[in-house]
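Here is a sequence with its predicted model. Questions after.
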Amino acid sequence: FYEVISADQLAPPELRSLQNRCLVPGLYATHLERWLTYYPPNQLMIIDGQQLRNDPAKVMDELQKFLGVTPYYNYSQALT
């Protein structure tokens, strides 16, 4: 996460590409920097919208795991 928001021109092309896809279009970096003043990076989960579109059940299952909640809803059953 930190690597993506702090990547500079010397970063590997894949990392810069991810940064451009994730941060530049919506200027998310401004908001992320502010959130990081209140929350440690391990409490933030960045979800790629393309992954959410392509495999919503997997992303939602990962989100429940990240939050440390007992799976409340079986997205795999509901979305496949």
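The structure has been received and is ready for your questions.

Would you mind finding the longest helix in this protein?
When secondary structure is assigned using DSSP state H, the longest helix within the chain turns out to be helix 56-67.

Mind listing what's buried along that one?
Buried residues in helix 56-67, counted by 16 or more other C-beta atoms under 10 Å: V59, M60, D61, Q64. All C-beta spots, glycine's among them, are computed from the backbone N, C-alpha and C.

what residues does it touch?
Outside helix 56-67, the residues that touch it by C-beta atoms under 8 Å, 6 or more residues apart in numbering are M45, I47, Q51, L52, P71, Y72, Y73, Y75, S76, A78, L79, T80.

ok, of these, which come out buried?
Y75.

What distance do you get for the residue nearest to the spatial centre of the chain to L79?
When the chain is reduced to its mean C-alpha position, the nearest residue by C-alpha atoms, centre = their mean turns out to be I46, at 1.6 Å. Counting by C-beta to C-beta, to the nearest Å, the separation of I46 from L79 is 21 Å.

next one: N42
With distances taken as C-beta to C-beta, N42 is found 27 Å from L79.

E62 now?
In this structure, E62 lies at 13 Å from L79, with C-beta to C-beta as the measure.

what mean pLDDT would you report for the longest helix of the chain?
In this model, helix 56-67 has a mean pLDDT of 91.

any residues touching the helix or strand just after it, and which ones?
Read in the C-terminal direction, the helix or strand following helix 56-67 is helix 75-79, with elements assigned using DSSP states H and E. Residues lying outside helix 75-79 but in contact with it, judged by C-beta under 8 Å, 6+ apart, are P56, A57, K58, M60, D61.

about what we covered before: can you tell me which of the buried residues of helix 56-67 is nearest Y38?
Among the buried residues of helix 56-67, Q64 lies closest to Y38 (C-beta to C-beta), at 23.0 Å.

what about Q19, neighbour count?
Q19 is surrounded by 19 other residues when neighbours are defined as other C-beta atoms under 10 Å.

That's all I had, so thanks and see you.
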